[in-house]
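Engineer: predicted model and sequence follow; I will ask about them next.
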Amino acid sequence: KQEVTQIPAALSVPEGENLVLNCSFTDSAIYNLQWFRQDPGKGLTSLLLIQSSQREQTSGRLNASLDKSSGRSTLYIAASQPGDSATYLCYSGNTGKLIFGQGTTLQVKP
Amino acid sequence: DTGVSQNPRHKITKRGQNVTFRCDPISEHNRLYWYRQTLGQGPEFLTYFQNEAQLEKSRLLSDRFSAERPKGSFSTLEIQRTEQGDSAMYLCASSLAGQLPNYEQYFGPGTRLTVT
């Protein structure tokens, strides 16, 4: 059974810091891994999708990496801003096993 | 707007009543997913369709829950005899299977259900 774990559960940083969010999964037979952002009471916004054959994806200040052999993905946020405050969720895509982590709630203080 | 839409956005109902939610996916997407999310938790998978076929159902989807996608376009999720434990955000997502980027999911805004 696939399990997806996100560490830390919550993170508070001052504005401008670089930070790393972690996602680990137990079944490496994934076809993709997707990072989402969720604002309170809202739906999910896709940030980055990494196909199983890829090692990383970048979008602006965000960089996501994937290491299937170790069952890990990281989301790197550069030069954090207060507007980055949200819950970040990773999602592991396996056939028939569509599993989200519980999320990391990020607060960026001005 | 060509994103995923869900209706209603909020629903308050009394215990024991039936409720139905609707999801309209991105038009060219052949896969449609339903998730449930409670406060402080990540979304939990309920079921998904490829075109009109329901391919996977979670054990979370009890007999009181039923989902349909009759024409392979919009989908409905019905909860019969609602219980207070059904109170949650119900999220719908769609994706395109078979072409890169494979299975990237796009989410709707969700329907928040409150059972009193």
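Structural biologist: Looks like it arrived, so ask away.
Engineer: tell me the strands beside the least confident helix or strand in chain A by mean pLDDT, with direction?
Structural biologist: When each helix and strand of chain A is scored by mean pLDDT, DSSP states H and E, strand A:97-100 comes last, with a mean of 77. Paired neighbours of strand A:97-100 in the sheet (DSSP bridges): strand A:86-94 (antiparallel).
Engineer: how far is the partner strand from where the chain is centred?
Structural biologist: Its chain's C-alpha centre and that of strand A:86-94 lie 5 Å apart, by C-alpha atoms, centre = their mean, to the nearest Å.
Engineer: what comes up buried for it?
Structural biologist: A:A86, A:T87, A:Y88, A:L89, A:C90, A:Y91, A:S92, A:G93, A:N94 (16 or more other C-beta atoms under 10 Å in any protein chain shown). The way it works is simple: take the backbone N, C-alpha and C, and place the C-beta from them, glycine included.
Engineer: please apply the same query to stretch A:49-69.
Structural biologist: A:L49, A:I50, A:Q51, A:Q57, A:L62, A:N63, A:A64, A:S65, A:L66, A:K68.
Engineer: and which of those is nearest A:S12?
Structural biologist: Among the buried residues of stretch A:49-69, A:L62 lies closest to A:S12 (C-beta to C-beta), at 18.9 Å.
Engineer: quick one: contacts of stretch B:76-91?
Structural biologist: Outside stretch B:76-91, the residues within contact range by C-beta atoms under 8 Å, 6 or more residues apart in numbering or on different chains are A:41, A:43-44, B:6, B:13-23, B:34-38, B:43, B:46, B:64-69, B:92, B:107-108, B:110-116.
Engineer: just the buried ones from the residues you listed?
Structural biologist: By 16+ other C-beta under 10 Å, the contacts of stretch B:76-91 give A:43-44, B:6, B:13, B:19, B:21, B:23, B:34-37, B:43, B:46, B:65-67, B:69, B:92, B:107-108, B:110-113, B:115 as buried.
Engineer: show me the contacts of stretch B:76-91 that map onto strands.
Structural biologist: Residues of the contacts of stretch B:76-91 located in strands (DSSP state E): A:44, B:6, B:13, B:19-23, B:34-37, B:46, B:65-68, B:92, B:107, B:111-115.
Engineer: residue contacts, the residue in chain A positioned nearest to chain B?
Structural biologist: Nearest to chain B, among the residues of chain A, is A:F100, at 3.7 Å (C-beta to the nearest C-beta). Counting by C-beta under 8 Å, 6+ apart, A:F100 touches A:V4, A:L89, A:C90, A:Y91, A:S92, B:Y35, B:G42, B:P43, B:E44, B:F45.
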